[in-house]
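J.: Take this sequence and fold it.
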Amino acid sequence: MAARVAGDCARGALSSTPASTCPRRSRRAGAAERGKRLLVSRRDILSGTSVAMGLKVSRPSSSARAAPGAAPGEATVAYEDAMVSIGSQHIPVAVWAPSAGVGGSPLGTTSKGVAGYQHSISIAKIASVLFRLGRRLPTLFDQSMTLDPSPWVFRGELTAPEGGYTKAIVLCHGYLGSRYDLVDFAEALARAGWLVLSPEFAEALSNPATLPKASVDGVGVGADRSQIMAAVLDDVALGRFGVPRGRVALVGHSAGAGTAVTTEGEFLARVAIGGFRKPLQPDLARILAAPLLVVASSNDSVIGLAGIQAAVSSLGVPTREFTSGSDLAVGLGEAGEDGTAFIKFEGEGAPCHISFLSSRTNMAMVGVLSPLLPVARALGVPLLDFDVYDQTRDSDAVAADLIPAVIEWLNKAK
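T.: Presented below is the predicted three-dimensional model:
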């Protein structure tokens with residue numbers, strides 16, 4: 001690995017009508033090769049069908065990943081469905097925490113009548129947001145499903161240890177995302193000792209009752225991202241678990257990357273995956289006060305590498321560049337990370353925009369939306385790279401490379 005200093009300055013751009021930047025066959029071959037190289041063993045499994053709009057909709061099987069529990073001496077993770085309230089709106093927050101052992105049941109088995117992560121995809125919400133209809137739609141075709149947890153994740157009511165947790169992460173999902181989009185990060189971070197909080201924002205695809213302000217004319221508007229972040233940081237991280245902002249790191253994908261970078265306050269670190277824009281000058285010093293990691297890909301047709309590269313260059317600070325997560329891990333110094341780092345995935349096997357998300361949520365979306373992709377293309381609806389991912393299905397390979405490196409980088413942030 002050779003560290004380099006990033007160059008020229010310009011503003012990042014977000015394409016409203018994504019287009020593939022490389023042939024699908026090449027992407028598929030590159031992703032397959034990446035999967036072989038990383039020896040990824042997890043399979044995307046979809047089983048069972050339901051009928052929606054006369055189309056078969058596949059659902060992920062909860063039994064495929066379920067297991068009796070962690071092996072003796074193996075680190076376990078506790079999971080809880082939490083909530084914050086802003087006015088009359090109740091916002092789901094997924095919480096994972098490190099645990100030496102939990103008195104509850106493995107999440108893959110029935111616990112309080114519920115198995116696994118309860119996830120939903122609202123076709124009504126997606127249509128209302130993408131077409132900017134300004135109103136709620138009938139939820140007849142919305143889908144509910146169970147996402148499989150890792151076998152060492154247990155359900156249980158979380159109690160902060162004496163003195164509180166020492167560090168926490170807030171995960172920020174992107175546009176039309178969900179609190180489970182970064183579940184692979186969440187489980188791994190909690191297993192590595194972090195308290196992990198993942199709220200759902202107003203444009204989350206799972207909740208048809210709330211809409212983002214950008215998509216409506218005063219109808220069904222949910223709390224904005226800054227309000228939700230403030231509630232999660234103040235009421236949950238600090239109020240319930242005793243972690244102040246200075247011991248919290250922010251990790252976000254796509255629009256969530258913007259949330260991770262621009263949320264006000266002093267934080268332990270900030271990570272922007274698949275989305276980074278040139279900060280406003282008044283915000284620059286605050287953003288650079290904490291270690292910053294930016295991740296982008298040449299095969300991302302939603303928020304392209306060139307725009308992110310220009311935005312990183314515009315920071316005007318020395319930036320170490322890396323070609324992959326494993327490259328970052330090799331290049332990490334022993335003294336800790338206190339500057340700006342930039343991972344640039346390039347080449348045929350580079351990830352698409354949603355390759356950075358969990359295969360569990362991606363395959364759920366593929367199962368629901370694949371039959372609708374031809375209609376979306378004909379209407380010019382932004383596909384957000386789901387059509388590309390349907391060919392590559394490379395989330396597990398990307399996670400195997402990126403997540404351990406990000407965790408190591410976060411552990412060394414100072």
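
J.: Helices of the stretch 251-400 of the chain, start to end?
T.: Per DSSP state H, counting those that start in this stretch, the stretch 251-400 of the chain carries helices over the ranges 255-262, 281-288, 305-313, 325-331, 359-369, 373-379, 386-392, 395-412.

J.: Compare those helices and give me the one nearest Leu238.
T.: Taking CB to CB, helix 255-262 is the member of the helices of the stretch 251-400 of the chain nearest to Leu238, at 17.9 Å. To be clear about C-beta, it is placed using only N, CA and C from the backbone, and glycine gets the same treatment.

J.: helices or strands up against the closest one?
T.: strand 168-172, strand 248-253, strand 269-273, helix 281-288 (3 or more CB pairs under 8 Å, 6 or more residues apart in numbering; DSSP states H and E).

J.: contacts for the third one?
T.: The contact list for strand 269-273 (CB atoms under 8 Å, 6 or more residues apart in numbering) reads 249-254, 257-258, 260-261, 287, 290-295, 337, 356, 406, 409-410, 413.

J.: Which secondary structure state is assigned to the closest residue in space to Ala160 that isn't next to it in sequence?
T.: Distance criterion CB to CB, 6 or more residues apart in numbering; nearest residue to Ala160, sequence neighbours excluded, is Phe241 at 4.6 Å. Three-state assignment for Phe241 (DSSP: H, G, I helix; E, B strand; the rest coil): coil.

J.: residues contacting Phe241?
T.: With contact set as CB under 8 Å, 6+ apart, Phe241 has these partners: Leu158, Ala160, Gly164, Tyr165, Ala168, Leu195.

J.: one step back: TSV for the helices of the stretch 251-400 of the chain, including mean pLDDT and distance to Thr210?
T.: Shown next, in TSV, are the helices of the stretch 251-400 of the chain (pLDDT from 0 to 100; distance: least, CB to CB, whole Å):
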stretch	mean pLDDT	distance to Thr210
helix 255-262	96	15
helix 281-288	85	27
helix 305-313	96	29
helix 325-331	94	34
helix 359-369	91	19
helix 373-379	78	23
helix 386-392	91	22
helix 395-412	97	27
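
J.: So for Ile126, which of the ones you listed sits nearest?
T.: Closest to Ile126 of the helices of the stretch 251-400 of the chain is helix 359-369 (CB to CB; 8.0 Å).

J.: Please tell me how far Ala249 sits from Arg320.
T.: According to CB to CB, to the nearest Å, Ala249 and Arg320 sit 18 Å apart.

J.: and those two? which has more neighbours close in?
T.: When neighbours are counted by other CB atoms under 10 Å, Ala249 and Arg320 differ, and Ala249 comes out ahead with 24 against 21.

J.: Leu189 versus the more buried one, what's the distance?
T.: According to CB to CB, Ala249 stands 9 Å off from Leu189.

J.: try Val271
T.: For Val271 relative to Leu189 (CB to CB), the value is 11 Å.

J.: shared neighbours of these two, which are they?
T.: Residues touching both Val271 and Leu189 by CB under 8 Å, 6+ apart: Leu410.

J.: thinking again about what came up before, could you dump the helices of the stretch 251-400 of the chain to JSON lines with distance to Ala209 and mean neighbour count?
T.: JSON lines is the format used below for the helices of the stretch 251-400 of the chain (distance: least, CB to CB, whole Å; neighbours: other CB atoms under 10 Å):
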{"stretch": "helix 255-262", "distance to Ala209": "20", "mean neighbour count": "25"}
{"stretch": "helix 281-288", "distance to Ala209": "32", "mean neighbour count": "13"}
{"stretch": "helix 305-313", "distance to Ala209": "33", "mean neighbour count": "21"}
{"stretch": "helix 325-331", "distance to Ala209": "37", "mean neighbour count": "19"}
{"stretch": "helix 359-369", "distance to Ala209": "19", "mean neighbour count": "23"}
{"stretch": "helix 373-379", "distance to Ala209": "23", "mean neighbour count": "11"}
{"stretch": "helix 386-392", "distance to Ala209": "24", "mean neighbour count": "22"}
{"stretch": "helix 395-412", "distance to Ala209": "29", "mean neighbour count": "22"}
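
J.: I appreciate the help and will end here.
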